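need a structure here:
(4 chains)
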Number of protein chains: 4
Amino acid sequence: MLRSATQLWYAEAGTPNERHHFAVKRVLYSRETPFQTCAILDTYQYGKMLVIDGRTQSAEADEYIYHESLVHPALMAHPAPQRVLIIGGGEGATLREVLRHRSIERVVMVDIDRELVEQCEKLLPEWHRGAFRDPRVELVFSDGQAFIADHHDRFDVVILDVCDALEDGPALPLYTEAFYRRAKSRLTESGLLVVQAMELSGVEHADHVTVHRTLRPLFHHVSSYATFIPSFWSSWGFIVAGDTINVGGFLAAAVDERLEQRGLAAALAYYDGHAHVHMFELPRDVRRILNEGMASSG
Amino acid sequence: MLRSATQLWYAEAGTPNERHHFAVKRVLYSRETPFQTCAILDTYQYGKMLVIDGRTQSAEADEYIYHESLVHPALMAHPAPQRVLIIGGGEGATLREVLRHRSIERVVMVDIDRELVEQCEKLLPEWHRGAFRDPRVELVFSDGQAFIADHHDRFDVVILDVCDALEDGPALPLYTEAFYRRAKSRLTESGLLVVQAMELSGVEHADHVTVHRTLRPLFHHVSSYATFIPSFWSSWGFIVAGDTINVGGFLAAAVDERLEQRGLAAALAYYDGHAHVHMFELPRDVRRILNEGMASSG
Amino acid sequence: MLRSATQLWYAEAGTPNERHHFAVKRVLYSRETPFQTCAILDTYQYGKMLVIDGRTQSAEADEYIYHESLVHPALMAHPAPQRVLIIGGGEGATLREVLRHRSIERVVMVDIDRELVEQCEKLLPEWHRGAFRDPRVELVFSDGQAFIADHHDRFDVVILDVCDALEDGPALPLYTEAFYRRAKSRLTESGLLVVQAMELSGVEHADHVTVHRTLRPLFHHVSSYATFIPSFWSSWGFIVAGDTINVGGFLAAAVDERLEQRGLAAALAYYDGHAHVHMFELPRDVRRILNEGMASSG
Amino acid sequence: MLRSATQLWYAEAGTPNERHHFAVKRVLYSRETPFQTCAILDTYQYGKMLVIDGRTQSAEADEYIYHESLVHPALMAHPAPQRVLIIGGGEGATLREVLRHRSIERVVMVDIDRELVEQCEKLLPEWHRGAFRDPRVELVFSDGQAFIADHHDRFDVVILDVCDALEDGPALPLYTEAFYRRAKSRLTESGLLVVQAMELSGVEHADHVTVHRTLRPLFHHVSSYATFIPSFWSSWGFIVAGDTINVGGFLAAAVDERLEQRGLAAALAYYDGHAHVHMFELPRDVRRILNEGMASSG
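Purely as a prediction, here's the structure:
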């Protein structure tokens, strides 16, 4: 037998009938904060990973796919986004992507977990790249629900970048119709709401569909979109909703033109006109699932 | 402690730093044939699965995604496909999809492993749905390389639906420039070659890129496309190549019109105009990877 | 990447904080019978294995250790065992070991699961070696509890070779004081009761201790003994109890003399005087655990 | 789905056909030192664990079994041990057990890895319990081979408590006949050599047998002994060798008398006369394996 390194594996919590394991080089941080169980792991395959309540949040190797997909469709589609509210987004990478848009004047980021955000600032500089210190940023440590209830400022874009809707998780109240209604009331007239919305494929889709159907009656335009995130081993869904702007209706050329105007054409690694079309043009099986039981299709 | 069923897990062979496990209900078939190690497993998550040489080939729950993606872009793009050659495709589902096109007069399917094909016919009726017995089909048990060398018939579409390019696997010679050249010489002038081409994402892409670069100098139009296959836990790549038809250039409406003309609009579960665009419009990171080191971009 | 065989793993049910996996070559049998979930697996490390309700019962490579340890201490200690009752013991190997003693005139084996016993006879000939067909054997398919209630024959040795005391398992009633009392009433005056009695080590011992304490008040001599079973990855406990014979009191030389007299000295692979002493001389930590809360030590 | 903690698993390196996994609460230390890859993990099942080169060295829950078994048979058997040499033993628990014997005047402990020993002193106080600071102890950071070559002091007992004989490991030269010869030359006339000697059971024994056979011609008395270590999931072997004292020949009563005389009767958790007999009286299969191909049996 040969020597070997200590074999540590991170087993992502999932269905009882699948197991996904990542080989771990080092555990950089691991704590039960007052709100959630957190870890920052250094893995062999995907570099550093943030894990909350047993589930991968983002990974060094492909966080650009997740964060660009979450942020840019809505910000691109808005003609001049100035004020953005982020609920969650502890890694600081959602913030980083929002700040790329030059029209941005103010970003409020509300995260419930101060300890986690401080660890991310310290241990994940590749994610935030200094975004927390940008003068346009206001960082608030608070429950997203309470913040929305108490603050009456209006935003061009509200981004819900919170953990999955686990049955006993802190993010669950942020997946309710009541919360979405309140979030909508904080939007400007042409404002957009973006939600990270869990797995979306022909085989796995139940949670996404629940969010989609909850949002559908509240906004004139509700578009699901999806992209493959390697470290999640799945096709990840997002939803963008608004009353005046139809984000899903942008053609590739229009997207590229906007990015060009804003000086972002060469800056992004994942998102551009083609990626936009890739994400919003969903295959037949997924569209059928989203539209089942709805009066009209999106 | 409580009673439990016998816990059997299928561990897909992959990188040494990831492990993917599927809970297995029953082993329906497991043999070392003269060519490869095969198993047909009944899994809790994805139903029946065909495994060759340690890697998942297709699964009951989502084989429609794989097989529709492999077959229909090329057959849709060809104005009147009559003769098709399939190399590999043991499950019979590639055959099933090809036969949906009414213009088809003859399909030759060449698979090296008679025992495996017989087991698939017996155990995977949901895959082939009787396709092996269609009068238009000629089934040949032979090495694909030898068949191409010895037979000089010409085909409208040639589909390479073989195992991944494992270093010591029987399919390796089918991933060479020599073989692609010979396959091309069996195409009609407007003929198309389709290759199942392994993982394609911003993180995993080495094998796909090798195939793409080998094909690029041989055909006027070479298009990579990709879709997420849940049971593969990855974004799967395909390549379609031809000298006169540019499959990647079809717009959604044109695809849907063709499918309508052929009576396929309602028949397919995954593929349609939107799915076509989803698969061929690749994100910026993937396009950059495909084009690195090439004189012109695809 | 290289080809590999289909990797199948059997994961033994255990504590939530440990996982033991065995690589499986073939599944020879797998069924839910009316009583339990059964499988016979061919493993790379230990050859064939019988698995019931998710737990290993015995394995080809080391079933001799388990079955010799279960049977011979009691049968050796009895001066002339003629009639033996086995409850459970589906593999037929407990029967095989009992039949080695020439004084044996009749063995009644009572197993609840006819289907399983038939599969063992067919698939595990290395275990039973024809024992089921021995003219001294009477095979009864019945619930052990019902059999003991209805039959009033007396036996020199009663062997309880049943599954572990799982909370919802069929064997649970066979681990109660009421059952032990009834089993005792079927013993001759110098009769012995043997129980397979789950893990016994300084770290894992809760189930064994429960059985030990239940038996302690019912018999004059109650001896726990233990040996390491490689395929169980643990030190396995047994208990032998009687009113007149103290099995635990035999010295190595006395054991060897008895085996010699019975022509068994060269026949056994595991058990002899040294093995007897090895199993009954328990380390200090285990003895302390067994005696905690008891008035007198064993 | 419910929230869960970050699931981390430690997979012990073993045969390719078995996998043993321990759920990990925290990684307390993990480093590649100049000599080996080390980790100190806090596990749910066995408390803290020291892992070197992928293999468990000892665990909080049962290190007393390992260390008492390693140290006390030899020290008990020696009439008045004064000077002891330990090669390896980084946790400090071998030292701790040696120091219990009141006759001890000087213990030299030679470990190659200063960094590891310092981490053990800091993180594993339950193991060493201050032993490193005992005035009778001389701690030397050096290669065991070099130390033995350069120092000509003689010892009553030499204990080799080093990692397993991995093919490419630093401990391999310490498993050679040349080294054993040299170690013997550092013993007093009635001196004893003790070696931790890997798995020993009827199924797993190859490495142990190699050590046993290498030592057999060098000493008049060579005794293998074994005990079950729960966190190793195996029966662990040791060998004690000497020219004048036959450690394996002690009866239980003699062992207990010695321990009583030295005030150790109540101090130890695992070892006493019964445990001694348990460990040295090996079953028939193991004895046969040890004696195969040897002229005379031990």
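
and A:Glu126, how far is that from D:Gln261?
65 Å (Cβ to Cβ, to the nearest Å). Every residue, glycine included, has its C-beta placed from N, CA and C.

neighbour count winner among the two?
With neighbours defined as other Cβ atoms under 10 Å in any protein chain shown, A:Glu126 and D:Gln261 compare such that A:Glu126 has more, 14 against 11.

quickly find the element holding that one.
Assessed by DSSP states H and E, A:Glu126 sits inside helix A:125-128.

likewise A:Glu138?
Going by DSSP H and E, A:Glu138 is in strand A:137-141.

for that strand, packing partners?
Identification of packing neighbours for strand A:137-141 by 3 or more Cβ pairs under 8 Å, 6 or more residues apart in numbering or on different chains; DSSP states H and E yields strand A:106-111, helix A:114-123.

between helix A:114-123 and the shortest one, find me the angle.
Looking back up the chat, that one is strand A:106-111. Strand A:106-111 runs at 120 degrees relative to helix A:114-123, counting by axes from the mean of the first three to the mean of the last three Cα atoms, to 10 degrees.

strand A:106-111 pairs with which strands?
Here strand A:106-111 is paired, per DSSP bridges, with strand A:83-88 (parallel), strand A:137-141 (parallel).

now do the first one: everything it contacts.
For strand A:83-88, the surrounding residues in contact (Cβ atoms under 8 Å, 6 or more residues apart in numbering or on different chains) are A:75, A:94-95, A:98, A:104-112, A:144, A:147-148, A:153-163, A:171, A:174, A:183, A:186, A:188.

if you set the cut-off to 6 Å instead, what comes out?
A:94, A:98, A:106-111, A:144, A:155-162 (Cβ atoms under 6 Å, 6 or more residues apart in numbering or on different chains).

ok now stretch A:265-283, how far from the chain's centre?
Here the centre of stretch A:265-283 is set off from its chain's centre by 16 Å, with Cα atoms, centre = their mean, to the nearest Å.

measure that stretch end to end?
One end of stretch A:265-283 to the other measures 27 Å (Cα to Cα, to the nearest Å).

who does A:Gly242 form a beta bridge with?
Going by DSSP bridges, A:Gly242 forms beta bridges with A:Leu192, A:His221.

correct me, but it touches A:Val222?
No - checked against Cβ atoms under 6 Å, the pair A:Gly242 and A:Val222 is beyond contact range at 8.5 Å.

so where do the strands sit in chain A?
Shown for chain A, the strands assigned by DSSP state E span residues A:7-12, A:18-32, A:37-43, A:47-52, A:55-59, A:83-88, A:106-111, A:137-141, A:155-161, A:187-199, A:221-229, A:234-242.

got these as TSV, with mean pLDDT columns?
Compiled in TSV, the strands of chain A are given as follows (pLDDT from 0 to 100):
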stretch	mean pLDDT
strand A:7-12	93
strand A:18-32	93
strand A:37-43	96
strand A:47-52	97
strand A:55-59	96
strand A:83-88	98
strand A:106-111	98
strand A:137-141	98
strand A:155-161	98
strand A:187-199	97
strand A:221-229	98
strand A:234-242	98
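
which one of those lies nearest to D:Leu200?
Nearest to D:Leu200, of all the strands of chain A, is strand A:7-12, at 24.5 Å by Cβ to Cβ.

any idea how far the closest one is from the chain center?
Distance of strand A:7-12 from its chain centroid, counting by Cα atoms, centre = their mean, is 24 Å.

what lines up beside that strand in the sheet?
Strands that pair with strand A:7-12, judged by DSSP bridges, come out as strand A:18-32 (antiparallel), strand D:7-12 (antiparallel).

thinking again about what came up before, most packed of the helices and strands packed on strand A:137-141?
Across those, averaging neighbours per residue (mean count of other Cβ atoms under 10 Å in any protein chain shown) puts strand A:106-111 on top, at a mean of 22.

burial check on the closest residue to A:Trp233 other than its chain neighbours, number of neighbours?
Excluding the flanking residues, the one nearest A:Trp233 by Cβ to Cβ, 6 or more residues apart in numbering or on different chains is B:Trp233, at 4.0 Å. The local packing of B:Trp233 (other Cβ under 10 Å) involves 21 other residues.

can you check A:Ala252 too?
That count, for A:Ala252 with other Cβ under 10 Å as the rule, works out to 16.

so it sits right up against A:Val277, yeah?
Yes - between A:Ala252 and A:Val277 there is a contact under Cβ under 6 Å: 4.9 Å.

separation between A:His205 and A:Asp285?
Taking Cβ to Cβ as the measure, A:His205 falls 9 Å from A:Asp285.

cool, A:Leu160 as well?
To A:Asp285, A:Leu160 is 26 Å away according to Cβ to Cβ.

compare these two (neighbour count), which wins?
Taking other Cβ under 10 Å, A:Leu160 and A:Asp285 do not tie; A:Leu160 has more neighbours (25 against 22).

you'd agree that one is up against A:Leu193?
No - with contact defined as Cβ under 6 Å, A:Leu160 does not count as touching A:Leu193 (7.3 Å).

what is the burial count for the residue nearest to A:Met294 when sequence neighbours are not counted?
Using Cβ to Cβ, 6+ apart and skipping the chain neighbours, the partner closest in space to A:Met294 is A:Arg216 (6.3 Å). Neighbours of A:Arg216 under the rule other Cβ under 10 Å: 18.

one more: the one 3 residues further on?
Here the count is done by other Cβ under 10 Å, and A:Phe219 has 19 residues near it.

any figure for the gap between it and chain D?
Distance, A:Phe219 to chain D, by Cβ to the nearest Cβ, to the nearest Å: 27 Å.
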